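In: The following block contains a protein sequence and its predicted model.
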Amino acid sequence: MKQKTLFIIAVVCLLLGFIVAALLYNVEKEEQAGQLVAVNNPALVRMHSPSLGSASAPVVIVEFLDPACETCAAFYPLVKQIMAANPDRIRLVLRYAPFHKGSDQVVAALEAARKQGKYWQALEALLAAQADWVHNHAAQVDRIWPHLEKVGLNLQQLRSDMAAPEIAGVIEQDLLDAQTLKVTKTPEYFVNGKPLPRFGIEPLKQLIDEALAASRR
C-alpha cells in the first residue's frame, strides 16, 4: 500500500513538474514573440533606417536622434562602448527626431552622406564637432561643411543629394513615427521594443542587460 502511495505521489510530482516546465516555456515563448512583434513594429524600425551591428543580433536598440542634441552627442559613444563589450549581440537602429531649428538640414546632409557610403563617418564627425556648429540650440548648417569634407565627402554632390525627395520622405516618416510613439525629446531609446522606464544612461544599461540576459535563456 505504501509503495502504491509513493508511486502515485511520484507520478503527481512528475506531472506537476511537467506542467510547471510547460508554463515557463510558454511564458518565455510569449515574451520572445512579444519582443519580436515590438521590434518589427514599423513605427520603430523602417526599411530606410540606418543600422549598426549584426542584423541577427538578439538585442535591438532603436534611438530617436537629433544631431544637434547635446545629450545625443554625449550618449552616442557610451552606446558604442556597450556594443563593443557585446560583439554581434546588439544592433543600433537610428531614427530621426530633428526637433532643433535647422536640424532637419543636418539630417538631410547625413542621408546624402549615406549615398556616398560615409554615413557613420559623417555622423560621428558632426557629433564630435557639435559645439562648433550648434549655437543657442540651433544648427548653423553653414558650419557643418568643413567637418564633412574632412571625412572625404564630395560636398558638391552632397548639397545636390540633400534636396532629393526621398530624403525629405525619410525625415517626414521618422517624425510621424516619433509622434506615434510619443517621442517628445531626444535621445529616446527603445530596447527590443521597450521604452526606457526613466531617462538616463543607467536605466538604458539596465534595459540592455535585461534584454541580453533574456536572449541567453
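Out: On my side now, so go ahead.
In: who touches the residue nearest the centre of the chain in this structure?
Out: Residue closest to the mean C-alpha point of the chain, counted by Cα atoms, centre = their mean, is Val62 at 1.8 Å. In this structure, Val62 makes contact with 44-45, 49, 93, 95, 189-191, judged by Cβ atoms under 8 Å, 6 or more residues apart in numbering. For the C-beta atoms, the positions are set from N, CA and C on the backbone; glycine is no exception.
In: following whichever strand or helix holds it, which helix or strand comes up?
Out: Take DSSP states H and E as the rule and Val62 turns out to sit in strand 59-65. Reading on from strand 59-65 to the C-terminus, the next helix or strand found by DSSP H and E is helix 70-85.
In: now His48, what's its secondary structure?
Out: The three-state label for His48, taken from DSSP: H, G, I helix; E, B strand; the rest coil, comes out as coil.
In: Measure how buried it is and give me the count.
Out: Neighbouring residues of His48 were enumerated by other Cβ atoms under 10 Å; the total is 14.
In: Rounded mean pLDDT for the strand holding Val62, please.
Out: The average pLDDT within strand 59-65 is 98.
In: now the angle from that strand to helix 70-85?
Out: Orientation note: strand 59-65 sits at an angle of 160 degrees relative to helix 70-85 (axes from the mean of the first three to the mean of the last three Cα atoms, to 10 degrees).
In: Just the buried positions in strand 59-65, please.
Out: Of the residues in strand 59-65, those buried under the neighbour-count criterion (16 or more other Cβ atoms under 10 Å) are 59-65.
In: possible to save those as a markdown table with distance to Thr184?
Out: Below are these laid out as a markdown table (distance: Cβ to Cβ, whole Å):
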| residue | distance to Thr184 |
| --- | --- |
| Val59 | 25 |
| Val60 | 22 |
| Ile61 | 19 |
| Val62 | 16 |
| Glu63 | 15 |
| Phe64 | 10 |
| Leu65 | 14 |
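In: re earlier: who does the strand holding Val62 pair up with?
Out: As defined by DSSP bridges, the strand partners of strand 59-65 come to strand 90-96 (parallel), strand 188-191 (antiparallel).
In: With mean neighbour count and mean pLDDT as new columns, can the ones you listed be given to me in CSV?
Out: What follows is these, written out as CSV (neighbours: other Cβ atoms under 10 Å; pLDDT from 0 to 100):
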stretch, mean neighbour count, mean pLDDT
strand 90-96, 23, 98
strand 188-191, 23, 98
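In: outside of stretch 78-88, which residues touch it?
Out: 52-54, 56-57, 59, 61, 63, 90, 92, 201, 204-205, 208, 212.
In: try stretch 194-213
Out: 35, 38, 58-59, 61, 75, 78-79, 82, 86, 89-90, 181, 185, 188-192.
In: Also stretch 163-177?
Out: Contact partners of stretch 163-177, identified using Cβ under 8 Å, 6+ apart, comprise 42-44, 46, 48, 64, 95-98, 104, 107-108, 111-112, 161.
In: Appreciated, that's everything.
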